[in-house]
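> Build me a model:
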Amino acid sequence: MEYTVQKLARLAGVSTRTLRYYDEIEILKPARINSSGYRIYGQEEVDRLQQILFYRELGVSLDSIKNIVTSPSFEGAIALKEHREKLLEKRQQLDLLIANVEKTIALTEGRIHMSDKEKFEGFKKKMVEDNEKKYGKEIRDKYGNDIVDKSNAKFMNMTQKENEEVTNLANEVQVTLAKAFATGDPASELAQKATDLHKQWLCYYWSEYSKEAHAGLAQMYVDDERFTAHYDKEQPGTAEFLRDAILIYTGMKQ
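Sure thing, here's the model as predicted:
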């Protein structure tokens, strides 16, 4: 079966403009151009489009998708199994959020009692899952599964009061760090105050604190561009400044 741009667009539920753009960026080229100058897509292109749309549904960028589907090692069957696992995870998350909404409806109608912890359970689970997707591999490689699992469990069991406290503390860390950065001295009293606040913030998530782990995390802020981008968003160089301040605070500065 072969399709023109318009027919494939209708079949897949995307716009013809999208297909032309995919051709332009060379993520999905037509099988051939016919004598009338129309793009013609075959079964292989249909299957690739399906893969692309699966990845898009999971929030993967087009650049990343292109690298995946054009890789010589790419295998469609394996990719489909991976899609299935990701979609099952997403369904589980949606089921939890739906259950949370249904409980809230029942609560407002006076049919059940719902604890403050239950009200935010679905959202917190999503935060844990998002964090795992972004940083899970690096954090688990560095600290081990047991520590990370304990940290996730501690966060999931956090009360609303604790959640408010840690949110306020995170803001205080950010404000104090910005003021400390302006001094240019990571050993200053203000910088060390920011570091102590950072330690307090970590202890809401970590099951146990150690100077070595704190220093190791600080180094990761500099080594991993995702962490660096977060801290340097307002003022470039903040990640390195915080790293240096933490190394001084923990006595790990060489």
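> hey, let's count contacts and neighbours off CA atoms from now on
Noted.
> how much space between residue 74 and residue 87?
19 Å (Cα to Cα, to the nearest Å).
> What of residue 199?
In terms of Cα to Cα, residue 199 sits 36 Å off from residue 87.
> And residue 28, by the same measure?
Distance from residue 28 to residue 87, by Cα to Cα: 23 Å.
> Looking at those two, which has the bigger crowd around it?
Neighbours were counted for residue 28 and for residue 87 using other Cα atoms under 10 Å; residue 28 has more, 21 against 15.
> ok, the residue nearest to that one when sequence neighbours are not counted to residue 48 distance?
Nearest residue to residue 28, sequence neighbours excluded (Cα to Cα, 6 or more residues apart in numbering): residue 22, at 5.2 Å. Distance of residue 22 to residue 48, given as Cα to Cα: 11 Å.
> Need the residues touching each of the two.
Counting by Cα atoms under 8 Å, 6 or more residues apart in numbering, the contacts common to residue 22 and residue 48 are residue 28.
> what's the closest non-adjacent residue to residue 206?
residue 151 (5.0 Å).
> show me where the stretch 1-150 of the chain has strands.
For the stretch 1-150 of the chain, applying DSSP state E, counting those that start in this stretch gives strands covering 3-4, 32-33, 39-41.
> Would you convert these into TSV that also reports mean neighbour count and distance to residue 194?
Shown next, in TSV, are the strands of the stretch 1-150 of the chain (neighbours: other Cα atoms under 10 Å; distance: least, Cα to Cα, whole Å):
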stretch	mean neighbour count	distance to residue 194
strand 3-4	18	60
strand 32-33	12	61
strand 39-41	20	58
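> okay, these in a markdown table with mean pLDDT next?
Shown next, in a markdown table, are those (pLDDT from 0 to 100):
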| stretch | mean pLDDT |
| --- | --- |
| strand 3-4 | 93 |
| strand 32-33 | 94 |
| strand 39-41 | 95 |
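> Which residue of this protein lies farthest from its centroid?
residue 35 (46.3 Å; Cα atoms, centre = their mean).
> in stretch 174-184, what counts as buried?
176-178, 180-181 (16 or more other Cα atoms under 10 Å).
> which residues sit against that stretch?
186, 188, 190-191, 193-194, 238, 241-242.
> can you list these in JSON lines and add secondary structure and neighbour count?
JSON lines is the format used below for the contacts of stretch 174-184 (DSSP: H, G, I helix; E, B strand; the rest coil; neighbours: other Cα atoms under 10 Å):
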{"residue": "186", "secondary structure": "coil", "neighbour count": "24"}
{"residue": "188", "secondary structure": "coil", "neighbour count": "14"}
{"residue": "190", "secondary structure": "helix", "neighbour count": "19"}
{"residue": "191", "secondary structure": "helix", "neighbour count": "28"}
{"residue": "193", "secondary structure": "helix", "neighbour count": "18"}
{"residue": "194", "secondary structure": "helix", "neighbour count": "26"}
{"residue": "238", "secondary structure": "helix", "neighbour count": "24"}
{"residue": "241", "secondary structure": "helix", "neighbour count": "23"}
{"residue": "242", "secondary structure": "helix", "neighbour count": "26"}
